[in-house]
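**Q** sequence-free structure coming up:
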């Protein structure tokens, strides 16, 4: 994967997806929120990591979320062959483990991206910061922010900080290409003067719909010093790549057609589908690398050299 998709500008993306079920015997199944359905459903939920670069994108790691009632039920665990060393873990905790493992493997990564479930977890952010890993992570509008100014401790939240922004602080920027062309939003950022490693800066990033000023999204960004607002907006926009991975893997390869009920069966099915998707991603990446190489050879700068 590193040889095919690996690129210094690549990003790691974390997200979960749901697998709707009718029964109660499949491992990890229960009434829980499914992003796929957009509501609480009887389903399994898997946490996934994807990698995306200019050469393509693919799912690279996965783990089934085991709700507390499942983790504590010895009879159900035994029937579904859940390993004894598997304990209850929150989704952010699983994400921390998978991202750390991927970074340890040496896959080049410019940014780690995730939605508010993960971005609001300080342990996830701290783990990345301790590794010197840049990120753009969504957070909730009411996430508590505390500052110390000349008057003492000030408490606020992203929505309140965004409300205080002047009109001149907003810029129209693209968050990448969509099916109908560039996805344009208004963007602004607020410097967060918290302590950070040398060479890094902390920002709160705000994305606003150009059709509805009240429709906003918020992010915490830990970025190399000097990173522009346009670069932060571009990074934030790459989170959609994991949604495309889910869509392709489900529609074309049967990611959501797992009939196995056991822990090992679920992970084996996901692994096989991900391997097939990775093979297709490699074919596309090889074609892109060849096209980029030909373009570079025929560029005016290459001809002049």
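**A** Perfect, thanks for sending it. Everything numeric here is computed off the predicted structure, so don't read it as measured data. Residues are numbered from 1 along each chain as shown.

**Q** From here on, just use CA atoms for contacts and neighbour counts.
**A** Will do.

**Q** so where's the stretch 1-150 of the chain uncertain?
**A** Within the stretch 1-150 of the chain, the stretches with pLDDT under 70 are 1-2, 148-150.

**Q** whoops, the stretch 201-305 of the chain was the one
**A** Checking the stretch 201-305 of the chain against pLDDT under 70 turns up 298-305.

**Q** mind listing the strands for it?
**A** Taking DSSP state E, counting those that start in this stretch as the criterion, the stretch 201-305 of the chain contains strands spanning 216-224.

**Q** all helices for it, in order.
**A** 229-237, 240-253, 263-298, 300-304 (DSSP state H, counting those that start in this stretch).

**Q** Just say which of these is most tucked in.
**A** Across these, the average number of neighbours (mean count of other C-alpha atoms under 10 Å) peaks for helix 229-237, which reaches a mean of 20.

**Q** Could you pull up the contacting residues of residue 241?
**A** 13, 52, 57 (C-alpha atoms under 8 Å, 6 or more residues apart in numbering).

**Q** do that again at 7 Å, thanks
**A** By C-alpha atoms under 7 Å, 6 or more residues apart in numbering, the residues touching residue 241 are 52, 57.

**Q** Please state the offset of the helix or strand containing residue 162 from the chain centre?
**A** Per DSSP states H and E, residue 162 falls inside helix 158-163. Centroid displacement of helix 158-163 relative to its chain, using C-alpha atoms, centre = their mean, to the nearest Å, is 23 Å.

**Q** what's the angle between the helix or strand just after it and helix 229-237?
**A** Where DSSP H and E defines the elements, the next helix or strand beyond helix 158-163 is strand 171-178. Relative orientation of strand 171-178 versus helix 229-237 (axes from the mean of the first three to the mean of the last three C-alpha atoms, to 10 degrees): 40 degrees.

**Q** Within the sheet, what are the partner strands of the next helix or strand after strand 171-178, with directions?
**A** Where DSSP H and E defines the elements, the next helix or strand beyond strand 171-178 is strand 181-191. Strand 181-191 sits in its sheet next to strand 171-178 (antiparallel), strand 200-208 (antiparallel), going by DSSP bridges.
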